[in-house]
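*Asks:* Just need the structure, nothing else, for what follows:
(one chain, ligands or ions: 1)
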Amino acid sequence: GFFLAERLLSQSTADWPVEVDMLERLPVPYGLVRFGVAPDHEKIKAVTRSFDKVASKPGFRYFGNVDVGSTVTLADLSAHYHAVAFTTGAQSDRRMNIPGEDLSGSHAATEFVAWYNGHPDFTHLEFDLSVESVAVVGVGNVAVDVCRILSRTPEELEKTDIADYALDALRESRIKEVYMLGRRGPAQAAFTNPEVKELGELEGADVTVPAEEAELDELSRKALDERPDRSIEKKIQILQEFARRERTDKPKLLVLRFLVSPVEIIGDEQGRVSGMRLVRNELYLSEKGTLRPRPTGVHEELPVQMVFRSVGYRGVPLKGLPFHDRWGVVPNEKGRVVDPETSAPLRGIYVSGWIKRGATGIIGTNKPDAGETVECMVADLSAGAILEPERPDPAQAEELVRKGRPAYVDWEKWLLVCEAEESRGAEADRPRVKFTSVEEILAALQKVE
Ligand code: NAP
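*Replies:* Numbers count the residues shown, from 1 in each chain. Alright, predicted model coming up:
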């Protein structure tokens, strides 16, 4: 949303003054940067400084605590704006579709991430961290984040902006073993090199890979010989170095596994996770030319009492917009929302970010993505293919929001909340101590206003 606003505002001229209103369901801004980026990755969060610069530009207004769909509708917005762009991300998770997925102790990694980051919708969740062994399914960067947070010492976590209740729960954690499970081989792992390397630098956890699973299979070797890729070679080097490491006296062990797929989560009599059945995979060359996993028929049982599926995020449908259910995105052409039947663009309606292209790429990937959408918006404006709002006056748009949500949070108010969080943090030598419910945020505002 901020990347889109930035690009739009940079197009502002005397003849074509641009004004951007950002509507956000939560009182607080930054979306995935606040609620998705891991608390121990403080540097990545520095991108909010450039978002703050966008917010301070003339022509930008922020309306927090405003739900598009209930507080205001798409029809309302169409009556006030020349264009509406949705940048709502991917708020749900993909499922594995195996038996036992709904047992107690089997969770979506996305929920755990939102919980430890203090997302108001997830604070009520409970994770039983009194267990000893945990499996994290998937080898993307989210799986790495979850494994790392589970493996960190309380002292490491205390320095971060992790939600207070999550810090307390993780302090009491009895977890000793964390397994990260990849269905394909090391060369196909979705995590990036700096992220996986960091797993080898944890204060309280050793990392290992079974030696035979760190080896390249013949097909992967051939593919790499034909199309050399230094980044993949480096990834394999990192994993093989992990495989050679000896166990030290660190209290936790993180095990990276490859070429295994969960086929069933096993439950005990109380309906709690008590194990996971895995099948060993081999790779084959698919018709599309990619290396895909297929089961060999060799099974094993992993003694775990908690499971996180971390097999990707997916978008959720938005009221009044078409939705591509299989891909979990709003159907679009370069950001122009299209009717899935006719492929005709819906005039003046756009998307950007994960709701446009799916949950791929790093935060910076959203910048060129937003640029592409803005190009379409500008071209449509030149062609006159935009909305024709009855009440385009910004004061009337503000009135609309105020009517639906008298206590909306504007940018100045957010800055007060931010300051209050930072000063709570300063007392504890942490970057900030987050408010984690809408009530708490609004109460904090009343106190400082
Ligand atoms: P991801 O990178 O797409 O990884 C998903 C993982 O799940 C892959 O290893 C995939 O394996 C596996 N998977 C999918 N279906 C599976 C199944 N049925 N059984 C077993 N494994 C399955 O997604 P993500 O980790 O959720 O991350 C989303 C995006 O955010 C990514 O672009 C990521 O890089 C980014 N991100 C970046 C950072 C960072 O920069 N620090 C942190 C967090 C997230 P296959 O490859 O075999 O399909």
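*Asks:* Any chance of the backbone angles for residue 239?
*Replies:* phi -70, psi -40 (degrees, to the nearest 10).
*Asks:* Next, count neighbours for it.
*Replies:* Applying other C-beta atoms under 10 Å, we find 24 residues neighbouring residue 239. Yep, even glycine has a C-beta here, placed from its N, CA and C like the rest.
*Asks:* How about the contacts made by it?
*Replies:* If a contact means C-beta atoms under 8 Å, 6 or more residues apart in numbering, then residue 239 has 186, 189, 196, 209, 214, 256 as its contacts.
*Asks:* run the last query once more with 6 Å
*Replies:* By C-beta atoms under 6 Å, 6 or more residues apart in numbering, residue 239 lies in contact with 186, 209, 214.
*Asks:* Quick check: it vs the ligand, distance?
*Replies:* Distance, residue 239 to the ligand, by C-beta to the nearest ligand atom, to the nearest Å: 14 Å.
*Asks:* Torsion angles phi and psi at residue 300?
*Replies:* Residue 300 has phi and psi values of phi -150, psi 160 when expressed as degrees, to the nearest 10.
*Asks:* thinking again about what came up before, redo the contacts of residue 239 as a markdown table? Include pLDDT.
*Replies:* Putting the contacts of residue 239 into a markdown table (pLDDT from 0 to 100) gives the following:
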| residue | pLDDT |
| --- | --- |
| 186 | 98 |
| 209 | 98 |
| 214 | 97 |
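*Asks:* Can you give me the buried ones in whichever strand or helix holds residue 222?
*Replies:* Assessed by DSSP states H and E, residue 222 sits inside helix 218-226. For helix 218-226, the neighbour count (16 or more other C-beta atoms under 10 Å) marks 220, 223 as buried.
*Asks:* try stretch 164-172
*Replies:* Across stretch 164-172, burial judged by 16+ other C-beta under 10 Å covers 166-167, 169-170.
*Asks:* ditto for stretch 38-47
*Replies:* Buried residues in stretch 38-47, counting neighbours by 16+ other C-beta under 10 Å, are found at 38-40, 45, 47.
*Asks:* Nearest to residue 218 among those?
*Replies:* Ranked by distance to residue 218 (C-beta to C-beta), the buried residues of stretch 38-47 are led by residue 38 at 35.8 Å.
*Asks:* The closest one: helix or strand, and which one exactly?
*Replies:* Using DSSP H and E, residue 38 falls within no helix or strand.
*Asks:* Surely it and residue 145 touch.
*Replies:* Yes: if you go by C-beta atoms under 6 Å, residue 38 and residue 145 touch, sitting 4.4 Å apart.
*Asks:* Determine which two of the buried residues of stretch 38-47 are furthest apart.
*Replies:* Distance extremes for the buried residues of stretch 38-47: the farthest pair is 40 and 47 at 16.1 Å, using C-beta to C-beta.
*Asks:* Just the CA atoms of stretch 286-306, as PDB, please.
*Replies:* Extracted in PDB, the C-alpha atoms of stretch 286-306 (Å, rounded to 0.1, in the frame of the first residue of the first chain):
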ATOM      1  CA  SER A 286       8.000 -33.200 -14.600                       C
ATOM      2  CA  GLU A 287       6.500 -32.400 -17.900                       C
ATOM      3  CA  LYS A 288       7.100 -28.700 -17.100                       C
ATOM      4  CA  GLY A 289      10.800 -29.400 -16.700                       C
ATOM      5  CA  THR A 290      10.900 -29.000 -12.900                       C
ATOM      6  CA  LEU A 291      12.000 -31.500 -10.400                       C
ATOM      7  CA  ARG A 292       9.000 -32.700  -8.400                       C
ATOM      8  CA  PRO A 293       8.700 -35.100  -5.400                       C
ATOM      9  CA  ARG A 294       7.100 -38.500  -5.500                       C
ATOM     10  CA  PRO A 295       6.700 -41.000  -2.700                       C
ATOM     11  CA  THR A 296       9.000 -44.000  -2.600                       C
ATOM     12  CA  GLY A 297       6.700 -46.100  -0.300                       C
ATOM     13  CA  VAL A 298       9.300 -46.000   2.500                       C
ATOM     14  CA  HIS A 299       7.700 -44.700   5.700                       C
ATOM     15  CA  GLU A 300       9.000 -43.500   9.100                       C
ATOM     16  CA  GLU A 301       7.400 -42.000  12.200                       C
ATOM     17  CA  LEU A 302       8.600 -38.800  13.700                       C
ATOM     18  CA  PRO A 303       7.900 -38.500  17.400                       C
ATOM     19  CA  VAL A 304       6.500 -34.900  17.600                       C
ATOM     20  CA  GLN A 305       3.800 -33.400  19.700                       C
ATOM     21  CA  MET A 306       3.200 -30.200  17.800                       C
END
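*Asks:* Mind putting the buried residues of stretch 38-47 into CSV with pLDDT and distance to residue 118?
*Replies:* Conversion of the buried residues of stretch 38-47 to CSV gives the following (pLDDT from 0 to 100; distance: C-beta to C-beta, whole Å):
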residue, pLDDT, distance to residue 118
38, 98, 13
39, 98, 9
40, 97, 14
45, 96, 13
47, 97, 18
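*Asks:* possible to save these as TSV with distance to residue 363?
*Replies:* Below are the buried residues of stretch 38-47 laid out as TSV (distance: C-beta to C-beta, whole Å):
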residue	distance to residue 363
38	12
39	15
40	16
45	9
47	6
